[in-house]
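> what's the 3D shape of this:
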Amino acid sequence: MAKIAKRIQKINEGVDRNKLYLLGDAVAMIKERAVAKFDETIEVSMNLGVDPRHADQMVRGVVNLPNGTGRTVRVAVFARGDKADEARAAGADIVGAEDLVEIVQGGTIEFDRCIATPDMMPLVGRLGKVLGPRGMMPNPKVGTVTTDVTGAVKASKGGAVEFRVEKAGIVHAGIGKASFGAEQIQENIRAFADAVIKAKPTGAKGNYVKRVAISSTMGPGLKIDPSSLSVA
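Numbers count the residues shown, from 1 in each chain. Here you go, the predicted structure:
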């Protein structure tokens, strides 16, 4: 117990939780403190000036991170015939139609991201109660309901990250690993922030980006000066 307390104390040493750090300085500090025995995930969270209970203040989208996420993404595709073959050729981990629906309805979800061709949506719609709460329901707005199966699978495998604002007005995502270079992490954070900015809803009034913070899985959270993100 004392060893854990000492480690936590060391990780938090020199951290000012009230300070707004420049992105480069914050990334260096986060990397330095990511000392767990596994490759920690770097996460970014953005507090937005929106109330997602109103339809015109919902923030949702997808971003292709320039340096990927550093994690292996298992992709399932609901498709038939040629599109099913296309999905397999593109590297999808699981491909199916009615058979896959039955598997998911039975509670077996062995994938992280779900793609469907438009003709499959009446069938996939039955899985709303299972996939919806997990944020995995295919949606044309984020490119997961599409006829371009190859593009969607490759984007998912290559670092596409979906984001959706939560009730408290927070958007967050894992954007890389502590083993990434500092520049790679910064590029991914800027790409994510830029996508969230571009997804600003029509109903958002006043200050849109209220707070930005980054952290690693086991490390402290650091507030970021939005100006160092090119975030207005």
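> following the helix or strand hosting Phe163, which helix or strand comes up?
If you go by DSSP states H and E, Phe163 is part of strand 160-164. As assigned by DSSP H and E, the chain's next helix or strand after strand 160-164 is strand 170-177.
> and that following strand, how far out from the chain middle?
Relative to its parent chain, strand 170-177 has a centroid offset of 5 Å by Cα atoms, centre = their mean, to the nearest Å.
> can you list the strands that it pairs with?
The strands beside strand 170-177 in its sheet (DSSP bridges) come out as strand 41-48 (antiparallel).
> excluding its own residues, what touches the partner strand? List them.
For strand 41-48, contacts defined as Cβ atoms under 8 Å, 6 or more residues apart in numbering pick out 27, 30, 34, 59, 70-71, 165, 168-178, 180, 185, 188-189, 192-193, 196, 204, 208-217, 221. C-betas here are computed from N, CA, C, even on glycine.
> need the buried ones from those selected in ChimeraX.
Buried residues within the contacts of strand 41-48, by 16 or more other Cβ atoms under 10 Å, are selected in ChimeraX with:
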select :27,30,34,59,70,165,169,170,171,172,173,174,175,176,177,178,180,185,188,189,192,193,196,204,208,209,211,212,213,214,215,216
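> contacts for the strand holding Phe163, please.
59-65, 69, 113, 135, 142-144, 171-175, 192, 195-196, 199.
> that one pairs with which strands?
Here strand 160-164 is paired, per DSSP bridges, with strand 60-64 (antiparallel).
> and the partner strand, how far out from the chain's middle?
8 Å.
> next: stretch 39-47.
Relative to its chain's centre, stretch 39-47 lies at 9 Å (Cα atoms, centre = their mean).
> likewise stretch 224-232?
Here the centre of stretch 224-232 is set off from its chain's centre by 19 Å, with Cα atoms, centre = their mean.
> cool, and stretch 67-75?
10 Å.
> give the buried residues for it.
Buried residues in stretch 67-75, defined by neighbour count with 16+ other Cβ under 10 Å: 67-70, 73-75.
> pick out the most distant pair among those residues.
Distance extremes for the buried residues of stretch 67-75: the farthest pair is Asn67 and Arg74 at 20.0 Å, using Cβ to Cβ.
> the closest residue to Lys141 other than its chain neighbours: how many residues sit nearby?
In space, and not counting its chain neighbours, Lys141 is closest to Arg60: 6.2 Å by Cβ to Cβ, 6 or more residues apart in numbering. When neighbours are counted by other Cβ atoms under 10 Å, Arg60 registers 17.
> separation between Arg60 and Ala26?
Distance, Arg60 to Ala26, using Cβ to Cβ, to the nearest Å: 26 Å.
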